[in-house]
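Chemist: coordinates only, no sequence provided:
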């Protein structure tokens with residue numbers, strides 16, 4: 001049996017990680033500014049994380065959600081306190097796509113409505129409902145096409161408002177910052193208007209913080225830069241530093257009914273131990289503050305480099321465009337400078353490093369990109 005041909009692979013296999021570095025079997029070291037697609041939040045093989053996961057798997061790795069699990073309650077308390085949403089309820093699942101599926105389902109239950117408003121260039125996942133709300137024809141199969149999802153131009157509050165006036169929408173779903181689209185940052189005005197219009201028309205506001213959340217932008221969630229509070233927030237990626245996990249934060253105004261949502265693996269003992277370790281490290285090492293400081297420094301330095309275009313982002317969620325092929329620039333960074341980066345579209349390079357990235361490591365990247373652009 002062979003693997004299904006899904007991804008174009010670089011001919012490099014990391015076998016070990018440490019902080020913001022990964023290593024191949026021959027000991028070659030690479031600076032990781034991609035974090036496995038924003039997943040590595042506290043760094044590779046953080047000792048506190050390794051210890052917590054190791055101790056938990058040695059004690060009890062899994063039991064179903066038919067019994068009490070005090071780790072879930074501890075996680076809900078700590079996540080609520082650090083995020084500023086301590087009055088919200090928490091549903092745990094296995095991935096970002098699953099979190100968005102449950103968020104939209106919950107909105108439909110709560111409002112009795114069918115339709116979802118999403119935005120151009122959105123990416124919400126690859127499962128059925130999530131991909132239906134994703135604006136990418138390449139991954140939307142005929143089975144996923146539905147009249148229940150309508151798209152408005154990202155950033156156009158007036159267009160969104162005209163659609164919402166019908167009163168047919170269960171929810172508006174929007175990313176805190178569009179990641180797969182190439183780091184598209186919504187304005188505070190746009191986010192405020194979405195909040196106001198959703199309240200006025202009885203739709204719930206879902207903030208997809210799967211890539212932009214968990215401290216990446218220098219606030220716990222990206223939407224907090226705009227000072228709004230959505231009805232539902234979805235999380236994944238950096239929530240457990242590589243262990244598969246997703247979460248839905250739910251306003252207390254949304255009533256829960258037993259059986260409404262469910263999961264076999266979601267919130268299992270090992271996942272919760274990993275997620276608690278992530279929050280412990282984020283708090284102890286001030287990683288959200290570091291993401292804000294080092295991210296601002298890195299964005300400022302990138303803007304000084306002639307040849308880079310439209311440097312954008314917040315914290316350690318950064319994108320910029322290059323002349324020519326972004327994928328070729330990423331390849332050169334990897335094979336000539338030993339630096340992992342991400343991409344989007346034809347010309348965009350994306351940076352999604354661990355939140356503990358240092359200024360010295362940022363400078364390493366700045367010098368490398370300067371040389372390649374020159």
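Modeler: On my side now, so go ahead. The structure presented is a predicted model; accordingly, all values stated were derived computationally and were not measured. Numbering: from 1, shown residues only.
Chemist: which residues does residue 186 contact?
Modeler: Contacts here follow CB atoms under 8 Å, 6 or more residues apart in numbering; on that basis residue 186 touches 154, 155, 174, 176, 177, 178, 226. For every residue, glycine as well, the C-beta is placed using N, CA and C.
Chemist: now the fourth one: closest residue in space that isn't a chain neighbour?
Modeler: Using CB to CB, 6 or more residues apart in numbering and skipping the chain neighbours, the partner closest in space to residue 176 is residue 222 (3.0 Å).
Chemist: distance of the one you found from residue 181?
Modeler: As defined by CB to CB, to the nearest Å, residue 222 lies at a distance of 14 Å from residue 181.
Chemist: the two: who's more crowded?
Modeler: residue 222 (27 against 20; other CB atoms under 10 Å).
Chemist: so the more buried one makes contact with residue 210?
Modeler: No - counting by CB atoms under 8 Å, residue 222 does not reach residue 210; the two are 10.6 Å apart.
Chemist: joint contacts of the two?
Modeler: Common neighbours of residue 222 and residue 210 (CB under 8 Å, 6+ apart) do not exist.
Chemist: number of nearby residues for residue 64?
Modeler: Under the neighbour criterion other CB under 10 Å, residue 64 is assigned a count of 10.
Chemist: re earlier: mind listing what the residue nearest to residue 176 touches?
Modeler: The neighbourhood of residue 222, defined by CB under 8 Å, 6+ apart, consists of 176, 177, 209, 212, 213, 216, 314, 317.
Chemist: so which of those residues sit within helices?
Modeler: Counting by DSSP state H, none of the members of those fall within helices.
Chemist: please enumerate the strands of the stretch 101-250 of the chain.
Modeler: For the stretch 101-250 of the chain, the strands defined by DSSP state E, counting those that start in this stretch occupy 115-119, 149-152, 169-175, 204-208, 232-235, 246-250.
Chemist: residue 66 is nearest to which of those strands?
Modeler: strand 246-250 (19.9 Å; CB to CB).
Chemist: what comes into contact with the closest one?
Modeler: Surrounding strand 246-250, the residues in contact under the criterion CB under 8 Å, 6+ apart are 79, 83, 85, 88-99, 102-103, 106, 210, 231-236, 239, 256, 261, 266.
Chemist: and that strand, which strands flank it?
Modeler: When pairing is defined by DSSP bridges, strand 246-250 lines up against strand 89-93 (antiparallel), strand 232-235 (antiparallel).
Chemist: tell me which residues of the longest one are tucked away?
Modeler: Think strand 89-93. Of the residues in strand 89-93, those buried by neighbour count under the rule 16 or more other CB atoms under 10 Å are 90, 91, 92, 93.
Chemist: equivalent analysis for stretch 99-112, please.
Modeler: Applying a neighbour-count criterion of 16+ other CB under 10 Å, the buried positions in stretch 99-112 are 99-111.
Chemist: please apply the same query to stretch 179-188.
Modeler: Neighbour-count burial for stretch 179-188 [16+ other CB under 10 Å]: 179, 180, 181, 182, 183, 184, 185, 186.
Chemist: how far does it stretch from start to finish?
Modeler: Terminal residues of stretch 179-188 are spaced 17 Å apart (CA to CA, to the nearest Å).
Chemist: state the mean pLDDT of it.
Modeler: Averaging pLDDT along stretch 179-188 gives 97.
Chemist: including distance to residue 161, could the contacts of residue 222 go into a markdown table?
Modeler: Written out in a markdown table, the entries for the contacts of residue 222 read as follows (distance: CB to CB, whole Å):
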| residue | distance to residue 161 |
| --- | --- |
| 176 | 20 |
| 177 | 22 |
| 209 | 23 |
| 212 | 23 |
| 213 | 26 |
| 216 | 29 |
| 314 | 25 |
| 317 | 27 |
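Chemist: what ranges do the strands span in the stretch 251-374 of the chain?
Modeler: With DSSP E, counting those that start in this stretch, the ranges of strands along the stretch 251-374 of the chain come out as 308-314, 317-322, 339-340, 342-344, 348-351.
Chemist: so which of these is nearest residue 39?
Modeler: Counting by CB to CB, residue 39 lies closest to strand 342-344 out of those; the figure is 11.3 Å.
Chemist: pLDDT on that closest one, on average?
Modeler: In this model, strand 342-344 carries a mean pLDDT of 93.
Chemist: quick one: strands adjacent to it?
Modeler: Within its sheet, and counting by DSSP bridges, strand 342-344 is paired with strand 348-351 (antiparallel).
Chemist: quick check, distance from the partner strand to the centre of its chain.
Modeler: Strand 348-351 sits 15 Å away from the centroid of its parent chain (CA atoms, centre = their mean, to the nearest Å).
Chemist: also stretch 39-57?
Modeler: Per CA atoms, centre = their mean, the centroid offset for stretch 39-57 relative to its chain is 19 Å.
Chemist: avg pLDDT for it?
Modeler: The model assigns stretch 39-57 a mean pLDDT of 98.
Chemist: count the neighbours of the residue lying closest to residue 306 once chain neighbours are set aside for me.
Modeler: Once flanking residues are discounted, residue 306 sits nearest to residue 373: 7.3 Å by CB to CB, 6+ apart. Under the neighbour criterion other CB under 10 Å, residue 373 is assigned a count of 13.
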